[in-house]
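Student: Dropping the sequence and predicted coords here.
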There are 2 protein chains.
Amino acid sequence: MPVPDAPVTGAPVPVSEPPVPGPSRPSQLDPAVAARLRRTADGLVAAVVRDHDSGEVLMVAWMDDEALHRTLTTGRATYWSRSRQEYWVKGATSGHHQYVRSVALDCDGDALLVTVQQVGAACHTGHRTCFFEELPVTGADAP
Amino acid sequence: MPVPDAPVTGAPVPVSEPPVPGPSRPSQLDPAVAARLRRTADGLVAAVVRDHDSGEVLMVAWMDDEALHRTLTTGRATYWSRSRQEYWVKGATSGHHQYVRSVALDCDGDALLVTVQQVGAACHTGHRTCFFEELPVTGADAP
């Protein structure tokens, strides 16, 4: 039987944060690092990939615990494909390798900044970066 | 987010793409832009925020259609808070405003690159960027 909704009037109902999802798949990731991750419902954190030389933001992909473990321990950027539900090593077939220079975790554990030496194009379209389509900003609030 | 490289091992398994979730809340976002978004199950895209002057990656937050609409039309970075389930304009209470200089959509519509003039610290901890914690990279594969 479902818990009935709280009454519309009366004392405020305390709101609790939803539980942080654990890893979706087995992983050898250092437990101290794993404990810091705040994953999406499907066990992932966003990985922002930046070019080591130019500082350019190249792409965003997803990592689960094991993809992060492989990235840290092999030095090759490894992601989780949401559509294919499998790991992929960037460049394994395209030759557009990403050699990892550093990885930083953000303050609340749900995003990573991966700095790489990018070989060739990061984007499958052949563009250097995946962010090649500008959207119109019509409100230009000034500082 | 780029299309992953082909799997390294195993026979290819045909995978059907899950349906793309629509907007979670009503929005005035330009339908042509909305049609390009590939949202998470909870109707969000990742927004990578970059400093206009230094190029530094400052933070990652989330936008739904309406947060993107407000960002584009007001010139002030506006996000969707997953924990609070509400919109927030960066700097509204902290004073650490983000004046939007440009917004780019990535090749498959699930991430945005927002370039801003950042006032003060982007991170609520007082750090300039949220990515201040380095993780150890033990595998140093060389190009």
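Tutor: Done, it's in. Residues are numbered from 1 along each chain as shown, chains lettered A, B, ... in the order given.

Student: Can you check the pLDDT for the spatially most central residue of chain A?
Tutor: With distances taken as Cα atoms, centre = their mean, residue A:46 lies nearest the centre of chain A, 1.3 Å away. In this model, residue A:46 is scored at 95, pLDDT.

Student: So what sits opposite the residue nearest to residue A:70 when sequence neighbours are not counted in the bridge?
Tutor: Residue nearest to residue A:70 in three dimensions, not counting chain neighbours: residue A:78, with 4.1 Å by Cβ to Cβ, 6 or more residues apart in numbering or on different chains. For every residue, glycine as well, the C-beta is placed using N, CA and C. On the basis of DSSP bridges, residue A:78 is bridged to residue A:89.

Student: Check the gap between residue A:78 and chain B for me.
Tutor: 10 Å (Cβ to the nearest Cβ, to the nearest Å).

Student: which ones are touching that residue?
Tutor: A:63, A:67, A:70, A:71, A:87, A:88, A:89, A:90 (Cβ atoms under 8 Å, 6 or more residues apart in numbering or on different chains).

Student: State the distance from residue A:71 to residue B:94.
Tutor: To residue B:94, residue A:71 is 32 Å away according to Cβ to Cβ, to the nearest Å.

Student: And these two? Which one has more around it.
Tutor: Higher neighbour count among residue A:71 and residue B:94: residue A:71, with 27 against 12, using other Cβ atoms under 10 Å in any protein chain shown.

Student: Please name every helix or strand in contact with the longest helix that chain A contains.
Tutor: Determined from DSSP state H, the single longest helix within chain A is helix A:65-74. Here helix A:65-74 touches strand A:78-81, strand A:86-89, strand A:98-105, going by 3 or more Cβ pairs under 8 Å, 6 or more residues apart in numbering or on different chains; DSSP states H and E.

Student: For those, give me JSON lines that also has mean pLDDT.
Tutor: Formatted as JSON lines, those follow (pLDDT from 0 to 100):
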{"stretch": "strand A:78-81", "mean pLDDT": "96"}
{"stretch": "strand A:86-89", "mean pLDDT": "96"}
{"stretch": "strand A:98-105", "mean pLDDT": "97"}
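
Student: Packed most tightly, which of those would that be?
Tutor: strand A:78-81 (a mean of 24; mean count of other Cβ atoms under 10 Å in any protein chain shown).

Student: how many other residues sit next to the closest residue in space to residue A:139 that isn't next to it in sequence?
Tutor: Spatial nearest neighbour of residue A:139, excluding adjacent residues (Cβ to Cβ, 6+ apart): residue B:75 at 3.8 Å. Residues lying near residue B:75 (other Cβ under 10 Å) number 20.

Student: residue contacts, residue B:75?
Tutor: Here residue B:75 is in contact with A:137, A:139, A:140, A:141, B:99, B:100 (Cβ under 8 Å, 6+ apart).

Student: what would those look like in a markdown table with distance to residue B:22?
Tutor: Converted to a markdown table, those look like this (distance: Cβ to Cβ, whole Å):
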| residue | distance to residue B:22 |
| --- | --- |
| A:137 | 24 |
| A:139 | 25 |
| A:140 | 30 |
| A:141 | 29 |
| B:99 | 30 |
| B:100 | 25 |
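
Student: Looking at those, which one is closest to residue B:117?
Tutor: Of all these, residue B:117 sits closest to residue B:99, with 4.2 Å by Cβ to Cβ.
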